[in-house]
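Colleague: here's a sequence, model it:
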Amino acid sequence: ELDCILVARDRQGRTCDFVPGRGPVTVAQLQQHLLPVLDKAVLLATDAATAYREFAKDHGIAHRAVNLRQGERALGEIHVQNVNRYHAVFKSWLIRFHGVASRYLPHYLGWIHGLDCRHLSTPQQFLRAALFPAGS
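Modeller: Numbering: from 1, shown residues only. As a prediction, the model looks like this:
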């Protein structure tokens, strides 16, 4: 099984990322990681994994799912392309390390999060982002 990387990203590029565990994301993992960072008034746009639907229903959060396996890319203005781009950039950036241990994934996410948001400009800020990621 592969490690799950959970990414919440809004249209302005504000990003929260987490490594909840291995395999598909579960409702319990969504409650632990997403519930504290989501506003109740948000429209949660996700892929078609059932855990998202159950999570949104349980917590009264508006939800729309884009079924990528059926070729859906967007439902009007609703899409998950910001998250897909973040995953793609992370995966391509991670290749240079020739594989990383699962236990260090949050540190690498902290590093790429800083690069993606362009708010890290000094070596100390990069080191802090890698050693003390926001979701850890």
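
Colleague: give the buried residues for the host helix or strand of Arg53.
Modeller: Remark: Arg53 resides in helix 50-59, with elements defined by DSSP states H and E. With burial defined by 16 or more other CB atoms under 10 Å, the residues of helix 50-59 counted as buried are 51-53, 55-56, 59. Bear in mind the C-beta positions are built from the backbone N, C-alpha and C, glycine included.

Colleague: average pLDDT for it?
Modeller: If you average the pLDDT over helix 50-59, you get 95.

Colleague: same thing with stretch 63-70?
Modeller: Along stretch 63-70, the predicted local confidence has a mean pLDDT of 82.

Colleague: give the buried residues for that stretch.
Modeller: For stretch 63-70, the buried set under the neighbour-count rule, 16+ other CB under 10 Å, comprises 63-66.

Colleague: what does stretch 98-115 give?
Modeller: Those buried within stretch 98-115 under the rule 16+ other CB under 10 Å are 105-114.

Colleague: dump the buried residues of stretch 63-70 to JSON lines, plus secondary structure and distance to Leu44.
Modeller: Listed next are the buried residues of stretch 63-70 as JSON lines, based on DSSP: H, G, I helix; E, B strand; the rest coil; distance: CB to CB, whole Å:
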{"residue": "His63", "secondary structure": "strand", "distance to Leu44": "5"}
{"residue": "Arg64", "secondary structure": "strand", "distance to Leu44": "7"}
{"residue": "Ala65", "secondary structure": "strand", "distance to Leu44": "9"}
{"residue": "Val66", "secondary structure": "coil", "distance to Leu44": "11"}
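
Colleague: about what we covered before: which one of the buried residues of helix 50-59 is nearest to Pro36?
Modeller: Closest approach between these and Pro36, by CB to CB: His59, at 11.5 Å.

Colleague: so who does the closest one touch?
Modeller: When contacts are counted by CB atoms under 8 Å, 6 or more residues apart in numbering, His59 is found next to 31, 35, 40.

Colleague: now the helices for this protein?
Modeller: Counting by DSSP state H, the segments of the chain that form helices are 27-33, 50-59, 81-94, 105-117, 123-131.
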